[in-house]
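Q: Next comes the sequence, and after it the predicted model I'd like to discuss.
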Amino acid sequence: MKSLVRRCFILSSLLVLIPLRPAAAADKPTVNVILWFDTEDYLLPADDDATKRLAEMLTQRGIRATFKLVGEKARVLEQRRRRDVIAALKKHDIGYHANFHSVHPAPSEYLADAGLLDGMGEFVRREGGGAADVRRILGVKTLSCYGQPGSSRGSQTITPLKDIGVAPRGLPCDVDEGTHVGLDEKPFWYGGALVVYHMGQNYTRMDLHDPAAVAPAKQKVSAIADRLRGDGGGLISIYYHPCEWVHKEFWDGVNFRRGANPPREQWKPPPQRPAEETEAAFGRFAEYIDHIRAISGVRFVTASELPDLYPDPVRTKGASEEDFNEIVSRLADPKAGAADFQIIGGRAYSVADQFELLALVVGDWIDGRKPEFPAKVRGLLGPDSPPAASPQISHLDWFAFRDATRDVIGFLKANQRVPSQVFIGADAVPPADFLTALASACDYHRQQGKLPLQEGVSIGTNLELLPARHVAKDTPGLFGGWIIHKEGFRAPRILEIARLQAWTLKPAVLKQSATSGKAGGAKE
């Protein structure tokens, strides 16, 4: 008996000595770090070894990174029989980084004069085979994300990602960095895909080959984590290329600079760094990563986890009647004067979502049905061409509005995108203007309990689409800044299509339970 009492006393004493984690710590907002590597150099064999070393280094630390492979890089690893590299990569998240990366024509070059639909088709034709090879060689059913080569970006590459097997959790993801389109330096939805791009102050990296860069880089990433934690959590984006550890110059700049396109037989590997420089770079990177791992409340995540971290309840659960009424109230406000995405109770509605929702509800009323809530919003693309200037129409009689609405619903079901124009008899009005007419009818029904059969509806004129402001303007450096593009290369048509797809732009809202998860980055 005394022995039992003594053991209990010792155990209770030990428990007193063990520091208990405060309950509040479990609720502390988490800062997620997505670490991704554009794995693209298929000319310098030393890049294979650098890729393997990085993958193994991170695996040893319990971190899963996202390695975005070029199709030709995967094929070269297979041809060189680098099963060891492939095995090391398989322990990480595998994304896609184009088929040949910098061999001309690059995506922005073959999309420069394309529209939305033919551009999507051309992207699938040129890049689908590479994505299939990466999936086959790395043994994955779907790729976690896509990211464009260099600044070779176009909205036509985002929407068809699911068609080429880039759809973690069934949702296309795009992860890269640039300034073509962005939203408050946070993840966003665009073209039906979850996008991490133009992260601004939430993007960072350390210079691998500068000994003086380590301390400032540590301070910077810690400061970003502190700021995001204070904002309730968020995402830090960090990227590298494995070839940065081993080369003196990027492989594609050696061969494809400013439009050069030599035959494959003349491709040259880039000059390689001395072994001691590579070793020093690996040492600095390890120190940098270990510092990030040690920051309180920080965890590493992969592109495959993004759909869980940033779910879209508008797609999965639908729009409630309360949300519908709030959307109508905001759109019908005479002071609105423009169309913008809306956030209601943590749920984000793009302008395209609003257009689809209101059209379907009005369609139910027209056909004598009671709309069912939550109302499913499948998600539309933006228009495929810009609208003509709106005729000076401020009011529609009921029958003209009714027939136009039925025509719009037929278009949505057949094409799954916002029409570029809505016909009111012989006149065509911009879809943004027709959105105000839908809101007018819904607002009348909300207040009167019936449709405006006698009164008709009001309609706006040349309503501005505010999300289009988040698309970059055509400047000489936007595309021309990439060394692979020809000197002075510009692609205003790509930006025009991108602004049309701003109909689909909306914030990606971080799931509340994702702001207080466990730290670490081990494979699930």
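A: On my side now, so go ahead. All values reported here derive from a predicted model rather than from experimental measurement. Numbering: from 1, shown residues only.

Q: By residue count, tell me the biggest strand in this protein.
A: Scanning the chain for the longest strand, with DSSP state E as the assignment, gives strand 31-39.

Q: partners of that one in the sheet?
A: strand 66-69 (parallel), strand 234-240 (parallel), strand 298-301 (parallel) (DSSP bridges).

Q: what's the closest non-adjacent residue to the residue nearest the centre of the chain?
A: Nearest to the geometric centre of the chain sits Val195, at 0.7 Å (Cα atoms, centre = their mean). Nearest residue to Val195, sequence neighbours excluded (Cβ to Cβ, 6 or more residues apart in numbering): Asp174, at 4.5 Å. The way it works is simple: take the backbone N, C-alpha and C, and place the C-beta from them, glycine included.

Q: hey, what's that neighbour bridged with?
A: Tyr146, Val195.

Q: Surely it and Trp189 touch.
A: No. Counting by Cβ atoms under 8 Å, Asp174 does not reach Trp189; the two are 10.3 Å apart.

Q: ok, back up a step: for the residue nearest to Val195, what are its contacts?
A: By Cβ atoms under 8 Å, 6 or more residues apart in numbering, the contact list for Asp174 reads 145-147, 158, 161, 190, 193-197.

Q: now these in JSON lines, with distance to Pro307 and pLDDT?
A: Putting the contacts of Asp174 into JSON lines (distance: Cβ to Cβ, whole Å; pLDDT from 0 to 100) gives the following:
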{"residue": "Cys145", "distance to Pro307": "10", "pLDDT": "98"}
{"residue": "Tyr146", "distance to Pro307": "14", "pLDDT": "98"}
{"residue": "Gly147", "distance to Pro307": "16", "pLDDT": "98"}
{"residue": "Ile158", "distance to Pro307": "15", "pLDDT": "95"}
{"residue": "Leu161", "distance to Pro307": "13", "pLDDT": "98"}
{"residue": "Tyr190", "distance to Pro307": "14", "pLDDT": "98"}
{"residue": "Ala193", "distance to Pro307": "10", "pLDDT": "98"}
{"residue": "Leu194", "distance to Pro307": "6", "pLDDT": "98"}
{"residue": "Val195", "distance to Pro307": "12", "pLDDT": "98"}
{"residue": "Val196", "distance to Pro307": "12", "pLDDT": "98"}
{"residue": "Tyr197", "distance to Pro307": "16", "pLDDT": "98"}
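
Q: Tell me which residues touch the nearest residue to Pro160 once chain neighbours are set aside, please.
A: Spatial nearest neighbour of Pro160, excluding adjacent residues (Cβ to Cβ, 6+ apart): Met120 at 4.6 Å. The contact partners of Met120, by Cβ under 8 Å, 6+ apart, come to 156, 159-160.

Q: and the least confident of the residues you listed?
A: Checking pLDDT across the contacts of Met120, the minimum falls on Thr159 at 91.

Q: The closest residue in space to that residue that isn't next to it in sequence: how many residues sit nearby?
A: Leaving out its chain neighbours, the residue that sits closest to Thr159 by Cβ to Cβ, 6+ apart is Gly191, at 4.4 Å. Burial of Gly191 is recorded as 27 neighbouring residues (other Cβ atoms under 10 Å).

Q: ditto for the one 3 residues further on
A: Residues lying near Leu194 (other Cβ under 10 Å) number 25.

Q: quick one: it and Tyr310 touch, right?
A: Yes. Leu194 is in contact with Tyr310 according to Cβ under 8 Å; the separation is 5.9 Å.

Q: Quick check: neighbours shared by those two?
A: 187, 508.

Q: Just the endpoints, please. Distance across stretch 99-113?
A: End-to-end distance for stretch 99-113: 21 Å, by Cα to Cα, to the nearest Å.
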